[in-house]
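> structure here, sequence nowhere to be found:
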């Protein structure tokens, strides 16, 4: 994985609704531990959600109710696929959905290890899994129709909320693919 854009693991003051929604969603996913399948969330304006589901207001406070706040709604029963591209290529969203978030786990190895991988995908996965310098990470990528993005990265070796790296374009391929699901 190459690094694109500024990334920080230092606590940052968070005020924008996309970052708040991404952080809340990442913590929600993290609460279920590791070795999860990809998870997809629709991002909707919280005000619109509360208009349709007023009983949800009782469980919200602070930033949940701030102007412009976004709520993540998990999309359950995703079709099984071995290809993230295939899954994302079949997704589209109604206008009420202003953004989308994806949580996916990946194995990261140094660039030199990627050069020596077998051409066979199954053998390559086995080689990655056995590599002594492998790192398990979870990416949470959130994008909006207006083009904003927020990426969060949690390492299994440093699995704490205060150790989550943040940037706008940590995973540019996933950012692009998610933005494409929002196009008409």
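That came in fine, so what should we check first? Just so it is clear, the model here is predicted, and its values are computed rather than measured. Numbering: from 1, shown residues only.
> so what's residue 66 closest to, chain neighbours aside?
Taking CB to CB, 6 or more residues apart in numbering, and ignoring the residues beside it in sequence, residue 66 has residue 17 as its nearest neighbour in space, at 7.1 Å. Heads up, the C-betas are built off the backbone N, CA and C, glycines and all.
> how close does that neighbour get to residue 110?
Here residue 17 is placed at a distance of 36 Å from residue 110 (CB to CB, to the nearest Å).
> what are the phi and psi values at the residue nearest to residue 66?
With angles defined as degrees, to the nearest 10, residue 17 sits at phi -60, psi -40.
> do the same with residue 81
As for residue 81, its main-chain torsions (degrees, to the nearest 10) stand at phi -160, psi 150.
> re earlier: who are the contact partners of the residue nearest to residue 66?
Each residue near residue 17 by CB atoms under 8 Å, 6 or more residues apart in numbering is listed here: 66, 68, 69, 70.
> swap in residue 110?
For residue 110, counting by CB under 8 Å, 6+ apart, the contacting residues are residue 133.
> returning to what we had before: buried ones from the contacts of residue 17, can you make that a ChimeraX selection?
In ChimeraX, selecting the buried portion of these, with burial taken from 16 or more other CB atoms under 10 Å, looks like this:
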select :69,70
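> min pLDDT across the contacts of residue 17, which one?
By predicted confidence, the contacts of residue 17 are weakest at residue 66, whose pLDDT stands at 86.
> how near is that one to residue 16?
Taken as CB to CB, the spacing of residue 66 relative to residue 16 amounts to 10 Å.
> just residue 180 next, same as before
23 Å.
> distance from stretch 105-124 to the middle of the chain?
Distance of stretch 105-124 from its chain centroid, counting by CA atoms, centre = their mean, to the nearest Å, is 22 Å.
> do the same with stretch 57-74
In terms of CA atoms, centre = their mean, the centre of stretch 57-74 is set 18 Å apart from its chain centre.
> and the end-to-end length of it?
Here the two ends of stretch 57-74 are set 18 Å apart, with distance taken as CA to CA, to the nearest Å.
> all good on my end, thank you.
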